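> here's my sequence, what's the structure:
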Amino acid sequence: MAVLKEKDRKEVGQLLAGLTHDVRLLMFTQEHECQWCETTRELVTEVAELAPKLNAEIHDFVAEKDLAGEYGIRRVPAIVVMGARDVGIRFYGVPAGYEFAALLEAIQAVGRNAHGLPDGVITELSRIEQPVHLQVMVTPTCPYCAPAVVAAHRLAMASDQISADMVEVSEFPQIAMRYQVQGVPKTIINEDASFVGSQPVTNVVQEILKAVGGA
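Now for the predicted structure:
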């Protein structure tokens, strides 16, 4: 049974028609699939069929543990969105509901090789001199979560120091408990700092600089 309705397929196809660069969707599942692995795999496969520049690669998290390790994949289902190189964009959990828009935004950004951030933000990002890992905790029904994910992914595209994950906390309750997630979106910075809410990208950069001692 298809995940996307025919009307949605047409809209997504039109949205992704302008891709100018090849995009790879690396989806990690496992032989005995987790609760949301099948849906995520089907979604990735269906989306990849809608644009000639898109390619879906399905990998086994257990059988291909070296490859999973190479991409830093810690849990499934997981999606890596990348072009000719890995820019640090990850989705953990099925990107459903509002988060489907965040997946499409990531594909478009990579497929056009354009993060869309202003020069002032790029200047601020140049002050980051150490690796930064952003984890944006979300739920599919949260309308404010997708913009927070998009901002984090754009920062990952713009800076080699930043990687950014979407984490669907209802699929990973142990992570929600670990980071004491009581409201979403909640962004974790390098395990040490966090903030709640969808912030303008300039504010996110300042939160990062504050966390790594650059503010």
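
> identify the bridge partners of Asp60.
Beta-bridge partners for Asp60, by DSSP bridges, are Thr29.

> I figured it hits Glu31, correct?
Yes. Here Asp60 reaches Glu31: they are 6.2 Å apart, a contact under CB atoms under 8 Å. Using the backbone N, CA and C atoms, a C-beta is placed for each residue, glycine as well.

> these two: which is more packed in?
The neighbour count for Asp60 versus Glu31, taken as other CB atoms under 10 Å, is higher for Asp60 (14 against 9).

> against Thr39, how distant is the more buried one?
According to CB to CB, to the nearest Å, Asp60 stands 17 Å off from Thr39.

> also Val181?
22 Å.

> please enumerate the helices of the protein.
6-15, 37-48, 65-70, 99-111, 119-125, 145-158, 173-178, 201-211 (DSSP state H).

> which residue is the nearest non-sequential neighbour of Cys142?
Val184 (5.0 Å; CB to CB, 6 or more residues apart in numbering).

> same question, Leu15
Nearest one to Leu15, counting by CB to CB, 6+ apart, is Leu104 at 6.1 Å.

> residue ranges in the protein under the pLDDT threshold?
1, 214-215 (pLDDT under 70).

> repeat that for 90
1-2, 192, 213-215 (pLDDT under 90).

> ok so, going back, mind putting the helices of the chain into JSON lines with distance to Arg24?
JSON lines is the format used below for those (distance: least, CB to CB, whole Å):
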{"stretch": "helix 6-15", "distance to Arg24": "17"}
{"stretch": "helix 37-48", "distance to Arg24": "9"}
{"stretch": "helix 65-70", "distance to Arg24": "13"}
{"stretch": "helix 99-111", "distance to Arg24": "9"}
{"stretch": "helix 119-125", "distance to Arg24": "24"}
{"stretch": "helix 145-158", "distance to Arg24": "15"}
{"stretch": "helix 173-178", "distance to Arg24": "26"}
{"stretch": "helix 201-211", "distance to Arg24": "25"}
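
> highest average neighbour count across these?
Scoring the helices of the chain by mean neighbour count under mean count of other CB atoms under 10 Å gives helix 145-158 as the most buried, with a mean of 25.

> so what touches that helix?
81, 87-89, 98-99, 101-102, 105-106, 109-110, 115-117, 121-122, 125, 134, 136, 138-139, 162-166, 184-185, 187, 197-201, 204-205, 208 (CB atoms under 8 Å, 6 or more residues apart in numbering).

> leaving out chain neighbours, which residue sits closest to Gly116?
Per CB to CB, 6+ apart, closest to Gly116 is Arg154, 6.1 Å.

> for Val181, that is, sorry about that
Met137 (4.8 Å).

> hmm, Gln180 and the one you found touching each other?
No. Taking contacts as CB under 8 Å, Met137 lies outside contact range of Gln180: 10.2 Å.
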